[in-house]
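Trainee: Here's a sequence, model it:
(chains A and B)
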Number of protein chains: 2
Amino acid sequence: MNKAKRVTITDIARLAGVSPGAVSFALNGRPGVSAQTRQRILDIAEESQWLPNSAARALVGSHAGVIGFAVNRSAGTLGAEAFFTDLIAGVQSALAGKRIAMQMVLVSSVEEEVATYRRWHSAKQVDGVIVIDPRDDDPRLPVLRDLALPAVVLGSHASPEGHPATIWLDDSQVAHSLFDYLGALGHRSIAYVAGPAEFQHTRLRTEVLAGLGERGVRGEVIATDFSPAAASTAMRSLLSRLERPTAVVFDNDVMAIAGLRVAQEMGVPVPKDLSVASFDDSVVAGLVHPSITCITRDTFGLGAEAAKFLLEQIDAPEVLADRIGAMPQLTVRESTAVPR
Amino acid sequence: MNKAKRVTITDIARLAGVSPGAVSFALNGRPGVSAQTRQRILDIAEESQWLPNSAARALVGSHAGVIGFAVNRSAGTLGAEAFFTDLIAGVQSALAGKRIAMQMVLVSSVEEEVATYRRWHSAKQVDGVIVIDPRDDDPRLPVLRDLALPAVVLGSHASPEGHPATIWLDDSQVAHSLFDYLGALGHRSIAYVAGPAEFQHTRLRTEVLAGLGERGVRGEVIATDFSPAAASTAMRSLLSRLERPTAVVFDNDVMAIAGLRVAQEMGVPVPKDLSVASFDDSVVAGLVHPSITCITRDTFGLGAEAAKFLLEQIDAPEVLADRIGAMPQLTVRESTAVPR
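Mentor: Got it, this is the predicted structure:
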């Protein structure tokens, strides 16, 4: 089957005595042609060794031109978490102009995610994948290794030997940069309004806060579901006590904005009587009044870096070495101060 | 070429005297095998009529299992606009569990977008596409029609005859619901801090505001680039006048939050001395103090509807009829009131 002889849809149409449109419909499995005509067209396509362009390309060994991202989240969470928007935008920034697309699919379990990788691999639908939320004894990593499907993991630890490469950020250093700062300002009672306790970063931050006991800081953790409603409830409860904390740290910016509103509603001036901070930043966190002290992450940059790393990995014969991502920074704004 | 005889990678490896891994590398165009071995493997693959799974699938006429979304925006804008996050999350919600992925690519011009559709179509990479931002004499729509590539357009008008189907929202009705409300509260001087003048929805909203002249309302439009910095500048200029407007309407929630901050910095109480409103809503717009009166859109629902519509269109022999999307609603909060 050489290039000069390659059979086209027009050739098949002529042989079958139908329009090229009918051939296209039949080969794409779309309705609009009779079962009999469809069969005739398929028989002719098979006899004449017709190949769709993508198949012809795969046969000569080029890439699919697609990287895959299977996300184990509900669609609602995907829309609410700025992390995903920024990450996806960053990935797209690295792919723009390269004619490489990102293929994204939501999965509801790790098993479904693994099945997706197997399907993508066997159908040659993607050239490589970006993997998030690595966990202890992660079942996805050996599968990716065995499939030899190029992958880049975003995590908070280096990759185990022989597993796909990781871009990692040291979460405990991030927690130190915020909690140590509040301790140094003189806060001795700090509440941390966190996400669910099973999240790795919640555990890490809780440990770092507990470690501040050495400085005489009393730390307290309130677990929530990350919702602004839960953050408001936690804040009302903290501010209704006789002994209020002097600083409250939230896991994300939306929760912190909800917390600020409760402080205003209860007449507690921020930062004079209460400092407020967040582990996530956003444009709005810098615009509200008072603006919020945050950990600022370059998630857009992380997405771009992950995509570039993956493109390198796709072209590399070996698993590449892990890389350390850009360290998130503490951005101090109006919502934190020395306690009264 | 019948199923029983289908050649596998293992068969090719045996014939070439190499490992199946080497065959996989050679067929996927990855380094790690010598040029000579690669050529031998490709020759054997060709002689034995080997087909990758995706090609075999395409040959028997099934779908790619992918819908395409080419977005003519910079990566930075994509991350900043809540519209995209919500739309993508909504699309994913409709695809979840169906083993259908969304393939997204950023393009930098309408021409590149059209070229992407042609490439996706000829390579059978997607089964259909979602199209946004339709314009007058849109060059994309006749191309999609001629390719017979299934498509659904999100717009503010019905589709021209013979073009792909549209889900449309009546933007002028949306503008009326906000401006008429402010007029009815008694505002007689309303400023509209808008996006660039060439945007269709900016023009529509400007027309509706001008129409309020009949009620004795003086309307004024300030064009910006949608950035919070431009919104702050516009607000400072408006509030520095001897004759201030009594209501300021922003094109989106981030701009309105930036405007609120300027009012606070300049000691102008909202809503007592100034009403503030936005044409876009967000969780944060309802949490800031005062919370902001907004037009609330179900963009997540729109994305889900568009994806479902597209899946129907992919299976339909004809172009389907246009549909009207769920009408955005005015959500009145603390930032608007009867003027003093």
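Trainee: Now do the same for A:A191: helix, strand or coil?
Mentor: strand (DSSP: H, G, I helix; E, B strand; the rest coil).
Trainee: Now do the helices for the stretch 101-250 of chain A: every range, in order, please.
Mentor: A:110-122, A:140-147, A:171-185, A:200-211, A:228-239 (DSSP state H, counting those that start in this stretch).
Trainee: For A:L320, find the nearest of the ones you listed.
Mentor: helix A:140-147 (13.2 Å; CB to CB). (Each C-beta comes from the backbone N, C-alpha and C, glycine too.)
Trainee: what angle do that closest one and helix A:110-122 make?
Mentor: Here helix A:140-147 points in a direction 20 degrees away from that of helix A:110-122 (axes from the mean of the first three to the mean of the last three CA atoms, to 10 degrees).
Trainee: what's next to helix A:140-147, contact-wise?
Mentor: Contact with helix A:140-147 is made by A:110, A:113-114, A:117-118, A:121, A:129, A:131, A:134, A:151, A:153, A:159-160, A:162-164, A:319, as judged by CB atoms under 8 Å, 6 or more residues apart in numbering or on different chains.
Trainee: repeat for stretch A:216-233
Mentor: Contacts of stretch A:216-233 (CB under 8 Å, 6+ apart): A:179, A:183, A:187-197, A:202, A:206, A:209-210, A:212-213, A:234, A:237-238, A:245, A:250-252, A:254-259, A:261-262, B:283, B:287.
Trainee: rerun that using 7 Å as the cut-off
Mentor: A:183, A:187-197, A:206, A:209-210, A:212, A:234, A:245, A:250-252, A:254-255, A:258-259, A:262, B:283, B:287 (CB atoms under 7 Å, 6 or more residues apart in numbering or on different chains).
Trainee: Name the strands paired with the host helix or strand of A:A277 and say parallel or antiparallel.
Mentor: A:A277 is part of strand A:275-278, with elements assigned from DSSP states H and E. Sheet pairing for strand A:275-278, assigned by DSSP bridges, gives strand A:247-250 (parallel), strand A:293-296 (parallel).
Trainee: avg pLDDT for that strand?
Mentor: Looking at strand A:275-278 alone, the average pLDDT works out to 98.
Trainee: Go through that strand and flag the buried ones.
Mentor: By neighbour count on 16 or more other CB atoms under 10 Å in any protein chain shown, the buried set for strand A:275-278 is A:S275, A:V276, A:A277, A:S278.
Trainee: Touching, the first one and A:A247? I think so.
Mentor: Translated: A:S275. Yes - counting by CB atoms under 7 Å, A:S275 touches A:A247, with 4.1 Å between them.
Trainee: Which neighbours do those two have in common?
Mentor: Joint contacts of A:S275 and A:A247 (CB under 7 Å, 6+ apart) are A:L182, A:H187.
Trainee: Determine the three-state secondary structure at A:G90.
Mentor: Classification of A:G90 by three-state DSSP places it in helix.
Trainee: how's chain A carved up into domains?
Mentor: Domain segmentation of chain A under automatic domain parsing yields A:3-59, A:66-169+A:300-327, A:171-296.
Trainee: I'd like to know how many residues surround A:P328.
Mentor: Neighbourhood size, A:P328 [other CB atoms under 10 Å in any protein chain shown]: 23.
Trainee: Can you say which of the strands paired with strand A:275-278 is packed in most?
Mentor: Stretch with highest mean neighbour count among the strands paired with strand A:275-278: strand A:247-250 (a mean of 30; mean count of other CB atoms under 10 Å in any protein chain shown).
Trainee: hang on, A:S177 packs against A:L330?
Mentor: Yes - if you go by CB under 7 Å, A:S177 and A:L330 touch, sitting 4.7 Å apart.
Trainee: Same drill for the two, tell me which one is more crowded.
Mentor: Set side by side, A:S177 and A:L330 show more neighbours around A:L330, with 17 against 14, by other CB under 10 Å.
Trainee: Against which helices or strands is the helix or strand containing that one packed?
Mentor: Assigned by DSSP H and E, A:L330 belongs to strand A:329-331. The helices and strands touching strand A:329-331, judged by 3 or more CB pairs under 7 Å, 6 or more residues apart in numbering or on different chains; DSSP states H and E, are helix A:171-185, strand A:293-296.
Trainee: can you rerun that using 6 Å?
Mentor: Packing contacts for strand A:329-331, counted by 3 or more CB pairs under 6 Å, 6 or more residues apart in numbering or on different chains; DSSP states H and E, involve strand A:293-296.
Trainee: can you list the residues that contact the strand it packs on?
Mentor: A:174, A:178, A:277-279, A:281, A:285, A:328-329, A:331-333, A:335-336 (CB atoms under 6 Å, 6 or more residues apart in numbering or on different chains).
Trainee: helix, strand or coil for A:R14?
Mentor: Under three-state DSSP, A:R14 comes out as helix.
Trainee: which residue does the stretch 201-340 of chain A bring closest to chain B?
Mentor: Closest to chain B within the stretch 201-340 of chain A is A:P317: 3.9 Å, counting by CB to the nearest CB.
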